[in-house]
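Enquirer: Based on what follows, work out the 3D shape:
(chains A, B, C and D)
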There are 2 protein chains.
Amino acid sequence: MAAKRRQTAQQEHAADVATYVAAGGEESVQRVITAVYAVTKKLDQWYARQFADLDLSQGEWSVLAALARAGDTCLTPSQLADLSSVAPSSMTHRLDKMAGRGLLERRPDESNRTRILVSLTKEGWNLFSAAVRESNVVESDTLRGLSTSERHELARLLEIVIDGLDDIEA
Amino acid sequence: MAAKRRQTAQQEHAADVATYVAAGGEESVQRVITAVYAVTKKLDQWYARQFADLDLSQGEWSVLAALARAGDTCLTPSQLADLSSVAPSSMTHRLDKMAGRGLLERRPDESNRTRILVSLTKEGWNLFSAAVRESNVVESDTLRGLSTSERHELARLLEIVIDGLDDIEA
DNA sequence: TATTCGAATTTCGATGTCGAAAGAATAGCA
DNA sequence: TGCTATTCTTTCGACATCGAAATTCGAATA
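Expert: Numbering: from 1, shown residues only, chains lettered A, B, ... in the order given. Coordinates of the predicted model:
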């Protein structure tokens, strides 16, 4: 299968960068950004397949992950919509479905009755954990070409980028 | 605005990694993968805003980019659907709209009349170029914390990962 | 040649998402 | 207190997307 490929992923990536540069982008920028998106695109495809096994859409995954990352703190539908990059009105039905499956619970906020507090059930956390452990397999495989020190270096460089993300929109 | 932030992006990232590790992921893997997604998530939000100025949805952008990357080679709707990670049936209407705007042209394949060949018009390429040049601004800003040699190192490490992407699905 | 299988596109009904507006409750201020 | 502005959620209609079926054409085989 891989033998039939006309171009290696590397060559394809180089050609993509050349296209963006020809359109007016800077090479040192496009080389990095294009590479980042090449990786996430492949990962997204694998996630979609694996999540289908768990009866989980990408949208439902993002809700699960947001709640898991929040730990003990409950989140409101609006916060979940924001964290999931979706319109608040879309979150209503999504939460309905997930609550129906027993993955999360909703209860009114005692201190502010316009709000609803959403939290993960034990079953929801178990599904989150199962998804993480399954994903870790292909993620680990994705990084298998890097040594331990290279992984650290890659993480370090990306974290420098993350550090600067907050101050841009101005 | 940034002063009101409770956590830095860095701390948030560290907490996210800790959550994935607690759920069963490996730290050296999650640190990299989570960082990659933190970057693309922010970028996606900016793209969405900038593309709105150009009257361009993310889906339309992916078609534009796929055609631009293909250069002189025409692509079929099925290929575009594949490259855009969308169902072939969804591509029909998307191409209708874009052709209506004069961004692309469709013509039957003389050698195989079940196929349709899609190509970018001059106007389509101009819009692609405008989008690339606009995007390059925030992309460049995103990488401003990295020196030239660090950008090269980051690109090099990501390209190692890309090189291994093809041989995984087995 | 005739037939069957496969590939590419489109149509169709169901579902998910969006933006705008409505409804409910809080917060700030005279 | 009474009024206004704001926040949060949901409802609603419009549109995009999906998977399955239908259609059309090409390719392989008997």
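Enquirer: In terms of helices and strands, where is the spatially most central residue of chain A?
Expert: Centrality entry for chain A: nearest residue to the mean C-alpha point is residue A:62, 7.0 Å, by Cα atoms, centre = their mean. Taking DSSP states H and E as the criterion, residue A:62 maps to helix A:58-70.
Enquirer: Could you confirm whether that helix reaches DNA strand D?
Expert: No: using Cβ under 7 Å from any atom of the strand, helix A:58-70 stays clear of DNA strand D, coming no nearer than 10.3 Å. In short, each C-beta sits where N, CA and C put it, glycine included.
Enquirer: For residue A:65, report the pLDDT, please.
Expert: pLDDT for residue A:65: 98.
Enquirer: What pLDDT does the model give the nearest residue to it once chain neighbours are set aside?
Expert: Among residues not flanking residue A:65 along the chain, residue A:128 sits closest, at 6.8 Å (Cβ to Cβ, 6 or more residues apart in numbering or on different chains). As predicted, residue A:128 sits at a pLDDT of 98.
Enquirer: Residue A:128: what's it in contact with?
Expert: A:64-65, A:67-68, A:120, B:23 (Cβ atoms under 8 Å, 6 or more residues apart in numbering or on different chains).
Enquirer: from memory the residue nearest to the centre of chain A sits against residue A:84, does it?
Expert: Yes: contact status for residue A:62 versus residue A:84: in contact at 4.1 Å, counting by Cβ atoms under 8 Å.
Enquirer: For chain A, give me the ranges with low pLDDT.
Expert: Applying pLDDT under 70 to chain A flags the ranges A:1-6, A:169-170.
Enquirer: cutoff 80 now
Expert: Filtered on pLDDT under 80, chain A yields the residue ranges A:1-7, A:168-170.
Enquirer: near DNA strand C, which residues of it show up?
Expert: Near DNA strand C, when you scan chain A using Cβ under 7 Å from any atom of the strand, you find A:57, A:59, A:85-87, A:89-90, A:93-94, A:97, A:112-114.
Enquirer: Make sure I have this right: residue A:107 is in a strand.
Expert: Yes: residue state for residue A:107 (DSSP: H, G, I helix; E, B strand; the rest coil) corresponds to a strand.
Enquirer: Which residue is the nearest non-sequential neighbour of it?
Expert: In space, residue A:107 is closest to residue A:117, 5.6 Å off (Cβ to Cβ, 6+ apart).
Enquirer: just checking, the one you found touches residue A:74?
Expert: Yes: applying Cβ under 8 Å, one finds residue A:117 in contact with residue A:74, separated by 3.8 Å.
Enquirer: biggest helix in chain A by residues?
Expert: helix A:27-53 (DSSP state H).
Enquirer: Looks to me like the residue nearest to residue A:65 is in a helix.
Expert: Yes: secondary structure of residue A:128, determined by three-state DSSP: located in a helix.
Enquirer: and chain A, what are its domains?
Expert: Domain assignment for chain A by automatic domain parsing gives A:7-53, A:57-134.
Enquirer: Let me know which of the ones you listed is tucked in deepest.
Expert: Most buried of these, by mean neighbour count (mean count of other Cβ atoms under 10 Å in any protein chain shown): domain A:7-53, with a mean of 18.
Enquirer: Can you give me the end-to-end span of it?
Expert: 31 Å (Cα to Cα, to the nearest Å).
Enquirer: does that domain come close to DNA strand D?
Expert: No: Domain A:7-53 lies apart from DNA strand D when judged by Cβ under 7 Å from any atom of the strand; the minimum separation is 8.1 Å.
Enquirer: Please compute how far that domain lies from its chain's middle.
Expert: Chain-centre distance of domain A:7-53: 16 Å, with Cα atoms, centre = their mean, to the nearest Å.
Enquirer: again with stretch A:108-126
Expert: 22 Å.
Enquirer: cool, stretch A:124-136 as well?
Expert: Offset of stretch A:124-136 from its chain centre (Cα atoms, centre = their mean): 13 Å.
Enquirer: what does stretch A:49-65 give?
Expert: With Cα atoms, centre = their mean, you get 11 Å for stretch A:49-65.
Enquirer: ok, and what's touching it?
Expert: Under Cβ under 8 Å, 6+ apart, the answer for stretch A:49-65 is A:44, A:47-48, A:80, A:83-86, A:91, A:94-95, A:97-98, A:103-104, A:120, A:124, A:127-128, A:130-131, A:134-135, A:138.
Enquirer: Apply 7 Å and report the result again.
Expert: A:47-48, A:80, A:84, A:86, A:94, A:98, A:103, A:124, A:127-128, A:130-131, A:134-135 (Cβ atoms under 7 Å, 6 or more residues apart in numbering or on different chains).
Enquirer: start to end distance for it?
Expert: End-to-end distance for stretch A:49-65: 17 Å, by Cα to Cα.
Enquirer: does residue A:117 count as helix, strand or coil?
Expert: Strictly by three-state DSSP, residue A:117 counts as strand.
Enquirer: Could you measure from it over to DNA strand D?
Expert: Separation of residue A:117 from DNA strand D (Cβ to the nearest atom of the strand, to the nearest Å) stands at 7 Å.
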